[in-house]
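Asker: Here you go, sequence then predicted model.
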Amino acid sequence: MLEISPVNNTHSKSIIDLVLNIQQKEFNVPITIDDQPDLMQIEDFYFANGGSFWGAFIDGELVGTIALVKFDEKAAAIRKMFVKKEFRGKEHNIAQKLLEILISYCHENGIDEVYLGTVSILKAALRFYERNHFTIIDKELLPAKFPVMNADNVFCFLDLKSSL
């Protein structure tokens with residue numbers, strides 16, 4: 001049974017384990033916990049400015065995450081969208097459910113523009129975002145306040161005003 005709920009600093013260890021495992025072991029992305037201090041300061045980094053962080057749990061096990069960093073009055077960035085390998089795909093539909101919760105949160109909180117950065121080797125992730133009406137944009141088109149991660153080399157945008 002899938003349960004999705006907001007997570008906070010008490011979940012940091014399981015979030016770090018999930019995220020680093022996927023980044024480093026599965027996709028060989030050269031990133032460490034030192035590059036992602038936000039994972040140890042979830043409340044300050046995500047919630048304090050009007051964003052959020054959700055975890056997907058099956059039988060109490062963290063199997064997926066998605067986070068939203070609000071960086072402007074009406075704009076936010078998706079971060080930490082990860083689903084454990086054995087729980088990916090249409091059968092569980094966890095990524096889709098996480099994204100829908102995040103988009104609902106945006107609508108409820110007056111966020112009209114959603115951006116994200118990812119890495120080009122995550123082909124399935126890019127297809128997923130494109131299926132969900134994100135468009136790939138040049139880095140130069142990102143808002144000045146967008147929090148760029150060093151590893152990211154592909155950027156996407158979703159205009160929630162036009163998708164209502």
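Answerer: Sure, I can see it. Numbers count the residues shown, from 1 in each chain.
Asker: quick one: the helices in the protein?
Answerer: Remark: helices assigned in the chain by DSSP state H are 12-20, 42, 94-108, 123-131.
Asker: Which neighbouring elements make contact with the shortest one?
Answerer: Using 3 or more CB pairs under 8 Å, 6 or more residues apart in numbering; DSSP states H and E as the contact definition, helix 42 packs against no other helix or strand. Bear in mind the C-beta positions are built from the backbone N, C-alpha and C, glycine included.
Asker: Please state the offset of that helix from the chain centre?
Answerer: Mean-position distance between helix 42 and its chain equals 13 Å (CA atoms, centre = their mean, to the nearest Å).
Asker: And stretch 145-164, by the same measure?
Answerer: Computed by CA atoms, centre = their mean, the chain-centroid distance of stretch 145-164 equals 11 Å.
Asker: In it, which residues are buried?
Answerer: Using 16 or more other CB atoms under 10 Å as the test for burial, stretch 145-164 gives F146, M149, D152, V154, F155, C156, F157, L158, L160.
Asker: Could you do stretch 35-55 as well?
Answerer: 36, 38-39, 42, 45-47, 50-55.
Asker: which of those sit farthest apart?
Answerer: Farthest-apart pair in the buried residues of stretch 35-55 is Q36 and G50; separation 20.4 Å (CB to CB).
Asker: so what's S14 closest to, chain neighbours aside?
Answerer: L62 (4.5 Å; CB to CB, 6 or more residues apart in numbering).
Asker: wait, isn't the one you found in contact with K13?
Answerer: No. Using CB atoms under 8 Å as the test, L62 is too far from K13 to be in contact (9.7 Å).
Asker: Show me which of those two is the more surrounded one.
Answerer: For the pair L62 and K13, the greater number of neighbours falls to L62 (19 against 12), based on other CB atoms under 10 Å.
Asker: picking up where we left off before, out of the helices of the chain, flag the one nearest K80.
Answerer: Across the helices of the chain, K80 has its closest neighbour in helix 12-20 (6.1 Å, CB to CB).
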